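Peer 1: Generate coordinates for the sequence data below:
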Amino acid sequence: MKTCTRRSGFTLMELVIVISILAILAGTLIPRVANRMASARDARRIADAHAIRDAIDQFYLDHGRWPNHEQNPAYGGWDVSQDGHFLAELVERGYLTEMPRDPVNDDTYHYRYFVFEKGAYGCRGETPFFVLGIKSFETADAAEKNAGFFKCSERNWGDEFAYVTGGGASWK
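Peer 2: Predicted structure coming up:
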């Protein structure tokens, strides 16, 4: 008489089905997680821009000048977050508690800063003025909700940046 011994475990077909289900779930969840991470990075960019602008404004009130900017020819003369020193000056003098860096901080995603001479591009004001911009957002939603605004009669920085702000001049 033969005894039938049965091995416990999964059959090949059961393993294929389980792996297929996991692959389908991963395929639907990974883009959602990646989009949420990009949205979080965009939110951080906006928060950083607001903190930087507040620090620049407070610096001006205390010192009567805008923080220095180091012109970088590779970026059209703009001081950029990945190598500029205007952020370091704000941290060193206590206007920012830590160095704000774009979450990606590369050639596509970074912050830019420039101090223009009084009256440049038709801007009205009694002093030089500054422009602070976020070069790019990762999500269309952030770009639609956070355009920012800074323009003068001869130049609209909103056309150059995903988000822009500034101070010390007006266009009217």
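Peer 1: Please, where are all the strands along this protein?
Peer 2: 79-80, 111-116, 129-134, 151-152, 155-156, 163-167 (DSSP state E).
Peer 1: Turn these into CSV, including distance to V18 and mean pLDDT.
Peer 2: Where you see a C-beta, it was placed from the backbone N, CA and C, and this is true even at glycine. Shown next, in CSV, are these (distance: least, C-beta to C-beta, whole Å; pLDDT from 0 to 100):
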stretch, distance to V18, mean pLDDT
strand 79-80, 49, 91
strand 111-116, 47, 94
strand 129-134, 44, 95
strand 151-152, 58, 90
strand 155-156, 56, 92
strand 163-167, 46, 92
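Peer 1: Buried deepest among the ones you listed, which one?
Peer 2: strand 129-134 (a mean of 25; mean count of other C-beta atoms under 10 Å).
Peer 1: Quick check: closest non-adjacent residue to the residue most central in space within the chain.
Peer 2: Nearest to the mean C-alpha position of the chain, by C-alpha atoms, centre = their mean, lies R45 at 3.4 Å. Using C-beta to C-beta, 6 or more residues apart in numbering and skipping residues adjacent in sequence, the residue nearest R45 is I134, 5.1 Å away.
Peer 1: which residues touch that neighbour?
Peer 2: I134 sits next to R45, I46, A49, D102, Y111, R112, G148, F161, A162, Y163, V164 when contact means C-beta atoms under 8 Å, 6 or more residues apart in numbering.
Peer 1: repeat that with 6 Å
Peer 2: I134 sits next to R45, A49, Y111, A162, Y163 when contact means C-beta atoms under 6 Å, 6 or more residues apart in numbering.
Peer 1: Need those in CSV (columns: distance to R36).
Peer 2: Putting the contacts of I134 into CSV (distance: C-beta to C-beta, whole Å) gives the following:
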residue, distance to R36
R45, 15
A49, 21
Y111, 23
A162, 19
Y163, 20
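Peer 1: Out of those residues, which comes closest to D57?
Peer 2: D57 lies nearest to A49 out of the contacts of I134, by C-beta to C-beta, at 12.5 Å.
Peer 1: what's the neighbour count on the closest one?
Peer 2: Residues near A49, counting by other C-beta atoms under 10 Å, number 22.
Peer 1: So it versus F114, what's the distance?
Peer 2: Per C-beta to C-beta, to the nearest Å, A49 is found 14 Å from F114.
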